[in-house]
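Participant: How does the following fold in three dimensions:
(chains A and B)
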Amino acid sequence: MKKNILKIITVITISLIMPSCSDYLELEPKDNLIQQEFWKSKEQVSAAVAGCYASMNQADFTSKALLWGELRAEMLVSVRAGNNERNMLKNYILPTSSLVKWNSFYKTINFCNLVLDFADEAKENDLSFTEEELKAFKAEARAIRSLVYFILVRNFKEVPLILVGTSSNEVDFYPAKNTEEEILAQIISDLKLCVQDLPVGYAKSIKHDKGKINKGSALAILADVYLWANQYNNCIDACNEIIALGKYNLVEGTEWFNQIFFEGNSTEGIFELQFSDINTTFKNYFYELSPYFAPFGGTQDLYEEIPNDIRGERASYDLSRNSVFKYSGVDASAGVFRTTQEFFNTFIFYRYSDVLLMQAEAYLLSTDRQDLNQAYSLINQVHERATGAVLGAVISQTTLLDAVLLERQKEFAFEGKRWYDLLRFDRRNDFSELLILTMAEEKTTADDYEVIISNFTDPESYFLPIDQNEINLNRNLEQNPYYIN
Amino acid sequence: MRNRDKLYAFLLMVVTVLTLSLYSCTDKLDGQTFFTSDALTIAQKLEESPEKYSSYIEILKKTEFYNALKSYGSYTCFVPTNEAVQEYLQDTWNVSTVAELTTEEQIERLKTLVKFHIIPTKRGTSAFVEGRLVDTTYTGDYLTTSFLKGGGVANVEINREVTMDQYDIPANNGIIHSIVKVLTPFEEPITKILENTGEYTIFVEALKQTGYFDVFSVLKNESGNRNNFTILAESDEVYSQNGINSFADLVARISPDNSDFLSAENELNRFVAYHGTQNFLYSADFPEDGFINTVLPRNAIKSFKTDKELKLNETETGVDDTWTSLISEGSNFPARNGVYHTVNKILNIFTPKAKYILFDPVNDQPEVQARLVKSHQRVPSTFYEYVTWFPESDKRFLAQSKNPTVNYTVFDVGGFAYIEFVTPVLPKGKYEVTVCSNTGNSARGVFQLYWDGEPMGSVYDVRTKVAKLGYPDDEALMEINGWRRGLKTAVNNKGVAAYDTSNWVRYVVTKELLCPVQDRHVIRFETVKSGGMPLDYIEFIPVE
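Facilitator: Here you go, the predicted structure:
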């Protein structure tokens, strides 16, 4: 009898043991740090901030930062670009295009949000972590987040404003879009805070100084945001603060290509994303022997309108190789190009000439502080540096506005700014005179004239559609009106 | 065994079975049917939204196309919404439901209607152009898409009459564009369509008086192929801008002294003939820089495209040049046998200066332009109106982007006693003539060229290996031997130009060919030694 009971118990026990799995109840991963173990020290916060930059270093981020600012404008044409890119050149964009996915941008935003959420916790655990340092780290994250939102708001107009990291299930997984005003207001208040908390520079190395957000970078982004938001006086002040730092100046005209673009991190550079490895975006798109994109047909005329513009042939472009020399070139006089192993380019977000031209634009448009002469002299600084001749423009608001737009086109060719320049100018007068439509004529041939012009007629189409996948997953997200089908 | 033991043994078994059964697993996928794809077919997709498409589904079922759209394939379906079908039924038959259509005639018309709304290839909006879509519908017609309304794809008009409700709806076997009105199948010839608009009364009267109304009303040519005429018409408005307010005014302007309008010599007759061509040209199909042969013999319309505009018959004097253009809003209107455009000025017969002409023996054929023949498809000599060969055997052309050829095509011929091509109209003048085929292969032939029946130049030995004749560096030596490097502009899909390829060189047939009058000519290749000749192009270069 007892033996039988024993048998029964044994069988039951064995049957129960057999299907169990051994590590089922262990929740913590063995190969990774988890939330509760992270955010303990200053070094960890520093590493997390570095992660924010690293997330921008991804090809998907930089390629979109570049293409969104260029393709809808006229400066680039396709050599062997993919369908999505060629469609964007024609402003024919579908919500299913992978070129409108914003994941990379929100990934960076999330990294920044996590730093902002948890850096305080680290400070409590690390006695060597000073209040100053904490503020600076948080300011870096906040400024990066602002920059990313600024890219998004210029492209989508309205996007969900997410300011809390995804670290628990308490966050809203179905955020709706915020208005453009809300987003701009948030960026502006964030950046103002950053400007107070950030150091003027980083002495560790030039790469740190140009590659990490400092006071100058935050001010440059802020100035650009003010200009976009038509807050001209604030823009003038922000630019003045940068100028007053005394840290930046225009490089010599003869060194324009070499120092700014070939070597990178010039005295003119304010914020340049650093690559310890190859900058794949530039390599893929502009490698001289098999580029995706080439300068548009009117490039030569654009630069040769004023003689001896050092930004033209073998600086911004190379005529015979039909190449974007700015990124693909090594030596202007010898006509040497980068090999695929030499694309160590930085990705320049802001440089000093941009600040001067932004301020000029603001001086032209400010109602109570309008200063045409000051604007002229600012444009002329950039113009004269490049051409060796003074700017021959009548001092009036309209001619100088034209001059500043043209100077920006030449100075920042292929730097992902042209489309925003055109859009900013057109928005300002409520799309009543469309520079964009005139620009679009550059893109047409007799065969697709009607198609392309038609694609650019509705100003609603100047903002991108939200990726269809996001719309499908998030019931609160509304497609931008032009793309509702 | 004792009973108690048996009981325990039984209990043991029960417990074991019970315990083990706790861990049984069920197959979640049991009892389901599997498809290679779970995407819906066009028919199923329409079924999903009966509130929008139930009427059209009824039509599909009635015309027996329903099952086709429910199975494998690749289609583009233009699907009218319920309101659109409703309106169509009312207007056409004065009925309110599809069920009321029962006669054979009615069903036949519905079948044509459905066929007219389906293209046998998948075409999303990215394939839309200003002009015709590349494939024909099942009725053999081209649908046109137009962006003239602005506002991008959402406002595209199909056949200049219908806009879309929703586009690019994907399905397993194709793509759906839903439309807000039923498309009207082309039933009438281009002449009738012009007449029906009521905006071309003077031009239509001129067509009638000169007999061309009937010529342009013919739907099929002698070989049974569909005609595709292109007519460039002046609207009454354009005439009135030029002080012509009636047919009498037009006669007074063009042919004041001769009222025998049916005579081919008559100026009005010539004027009208000059407005039509057998080439099938939507605005996007006009040559970049070349000539369009008109129905008026020995005359052509010069066509040149700039970035924005099509310039017809540009004077090219260098001072105050004038030209004629198409009025976009009045152009690309399709019909059963062609398309018409409205010109913005009176299109007078134009005498061009000698001009560089690149004759592509494949793509310049109207039959190829109308896509009546495909690459690799062998057809008899009688198929082409402007190509003849002897003895009779079916020949083909090839479209291969691996070759650095003009438009990527060659006429793949060989094994003929002769083959001859009617050239485009050449303006009066003196020309240098070159010909390019794939050379340098010992299987190629040797030919003598003839110009309107007269021998031209020395024999064309397509076997020649130009590497021995100075290629690539000594171009002067090549020239002495009668050869020239290929075109820089003809580039293959890898970016290699004919200029840099030894087997796509040009043979200089003659340096002095005089064309005393503007006309089309016959160029003939007669076999000296038989062999292949993949012919790419013949060049006419004006000589000063």
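
Participant: and the closest residue to A:Val324 other than its chain neighbours, how many residues sit next to it?
Facilitator: Once flanking residues are discounted, A:Val324 sits nearest to A:Phe286: 4.6 Å by C-beta to C-beta, 6 or more residues apart in numbering or on different chains. To be clear about C-beta, it is placed using only N, CA and C from the backbone, and glycine gets the same treatment. Residues near A:Phe286, counting by other C-beta atoms under 10 Å in any protein chain shown, number 28.

Participant: ok now do A:Phe286, which residues does it touch?
Facilitator: By C-beta atoms under 8 Å, 6 or more residues apart in numbering or on different chains, the contact set of A:Phe286 is A:292-293, A:323-324, A:327-328.

Participant: just A:Tyr327 next, same as before
Facilitator: Shown in contact with A:Tyr327 (C-beta under 8 Å, 6+ apart): A:261, A:282, A:285-286, A:338, A:343, A:345, A:414.

Participant: Looking at the contacts of A:Phe286, which are in helices?
Facilitator: Among the contacts of A:Phe286, the members falling in helices (DSSP state H) are A:327-328.

Participant: could I get the contacts of A:Phe286 as TSV with pLDDT?
Facilitator: Formatted as TSV, these follow (pLDDT from 0 to 100):
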residue	pLDDT
A:Tyr292	95
A:Phe293	96
A:Ser323	94
A:Val324	96
A:Tyr327	96
A:Ser328	95
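
Participant: Let me have the contacts of A:Phe286 in CSV, extended by distance to A:Ile151.
Facilitator: Listed next are these as CSV, based on distance: C-beta to C-beta, whole Å:
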residue, distance to A:Ile151
A:Tyr292, 21
A:Phe293, 20
A:Ser323, 26
A:Val324, 21
A:Tyr327, 20
A:Ser328, 24
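
Participant: residue boundaries of the strands in the stretch 51-200 of chain A?
Facilitator: Assigned by DSSP state E, counting those that start in this stretch, the stretch 51-200 of chain A shows strands spanning A:76-78.

Participant: For it, which residues are neighbours of chain B?
Facilitator: With the criterion set to C-beta under 8 Å from any C-beta of the partner chain, the stretch 51-200 of chain A comes near chain B through A:83, A:87, A:91-92, A:94.

Participant: still on that earlier bit, from the contacts of A:Phe286, which is closest to A:Asp467?
Facilitator: Nearest to A:Asp467 among the contacts of A:Phe286 is A:Tyr292, at 21.7 Å by C-beta to C-beta.

Participant: Quick check: phi and psi at that closest one.
Facilitator: phi -80, psi -40 (degrees, to the nearest 10).

Participant: So B:Gly457 is in contact with B:Val509, correct?
Facilitator: Yes. Shown here, B:Gly457 and B:Val509 form a contact pair, counting by C-beta atoms under 8 Å, at 4.0 Å.

Participant: what do those two both touch?
Facilitator: B:433, B:449.

Participant: before we move on, the earlier item: pLDDT at the residue nearest to A:Val324, what is it?
Facilitator: Listed pLDDT for A:Phe286 reads 96.

Participant: still on that earlier bit, of the contacts of A:Phe286, grab the buried ones for ChimeraX.
Facilitator: A single ChimeraX command is used to select the members of these judged buried by 16 or more other C-beta atoms under 10 Å in any protein chain shown:
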select /A:292,293,323,324,327,328
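
Participant: where exactly do the helices run in chain B?
Facilitator: Counting by DSSP H, chain B has helices at residues B:3-21, B:42-48, B:50-62, B:82-93, B:104-116, B:190-197, B:201-210, B:212-215, B:236-241, B:247-254, B:267-273, B:366-369, B:475-480.

Participant: Spit out the contact partners of A:Leu6.
Facilitator: Residues counted as contacts of A:Leu6 (C-beta under 8 Å, 6+ apart): none.

Participant: Which element, helix or strand, includes it?
Facilitator: helix A:2-17 (DSSP states H and E).

Participant: Ok, A:Asn476 next?
Facilitator: Assigned by DSSP H and E, A:Asn476 falls within no helix or strand.

Participant: and it, what does it touch?
Facilitator: In this structure, A:Asn476 makes contact with A:174-176, judged by C-beta under 8 Å, 6+ apart.

Participant: For chain B, state which of those is nearest.
Facilitator: In terms of C-beta to the nearest C-beta, no member of the contacts of A:Asn476 lies closer to chain B than A:Ala176, at 24.0 Å.

Participant: Can you report how many residues lie near the closest one?
Facilitator: A:Ala176 - counted by other C-beta under 10 Å - has 13 other residues nearby.

Participant: Name the nearest residue to it, ignoring sequence neighbours.
Facilitator: Excluding its sequence neighbours, the residue lying closest to A:Ala176 (C-beta to C-beta, 6+ apart) is A:Asn476, at 4.1 Å.

Participant: Give me the pLDDT for that neighbour.
Facilitator: Per-residue confidence (pLDDT) for A:Asn476: 94.

Participant: swap in the one 4 residues further on?
Facilitator: Taken from the predicted model, the pLDDT recorded for A:Asn480 is 92.

Participant: doesn't A:Leu464 make contact with it?
Facilitator: Yes. Using C-beta under 8 Å, A:Asn480 is in contact with A:Leu464, at 7.2 Å.

Participant: With neighbour numbers in mind, choose between those two.
Facilitator: Legend: neighbour count by other C-beta under 10 Å for A:Asn480 and A:Leu464, higher for A:Leu464 (24 against 18).

Participant: so where do the strands sit in the stretch 201-350 of chain A?
Facilitator: According to DSSP E, counting those that start in this stretch, the strands that the stretch 201-350 of chain A contains are A:269-273, A:293-295, A:329-331, A:336-337, A:347-351.

Participant: which one of the ones you listed lies closest to chain B?
Facilitator: Per C-beta to the nearest C-beta, nearest to chain B of these: strand A:293-295, 12.5 Å.

Participant: Kindly present the strands of the stretch 201-350 of chain A as TSV, with separate columns for distance to chain B.
Facilitator: As requested, these are exported to TSV (distance: least, C-beta to the nearest C-beta, whole Å):
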stretch	distance to chain B
strand A:269-273	32
strand A:293-295	13
strand A:329-331	21
strand A:336-337	17
strand A:347-351	29
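
Participant: closest to A:Lys138 out of these?
Facilitator: strand A:269-273 (17.7 Å).

Participant: So what touches that closest one?
Facilitator: By C-beta under 8 Å, 6+ apart, the residues outside strand A:269-273 that reach it are A:53, A:56-57, A:62, A:210-211, A:213, A:216-217, A:220-221, A:242, A:248, A:260, A:264-265, A:346-352, A:354-355.

Participant: Just the ones of those in helices?
Facilitator: Judged by DSSP H, the contacts of strand A:269-273 include A:53, A:56, A:62, A:210-211, A:216-217, A:220-221, A:242, A:352, A:354-355 as members of helices.

Participant: Let's have the residues you listed in CSV, adding distance to B:Ile176.
Facilitator: Listed next are those as CSV, based on distance: C-beta to C-beta, whole Å:
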residue, distance to B:Ile176
A:Tyr53, 46
A:Met56, 40
A:Thr62, 38
A:Lys210, 53
A:Gly211, 50
A:Gly216, 54
A:Ser217, 50
A:Ala220, 49
A:Ile221, 45
A:Ile242, 55
A:Tyr352, 54
A:Asp354, 47
A:Val355, 52
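
Participant: Much appreciated, bye for now.
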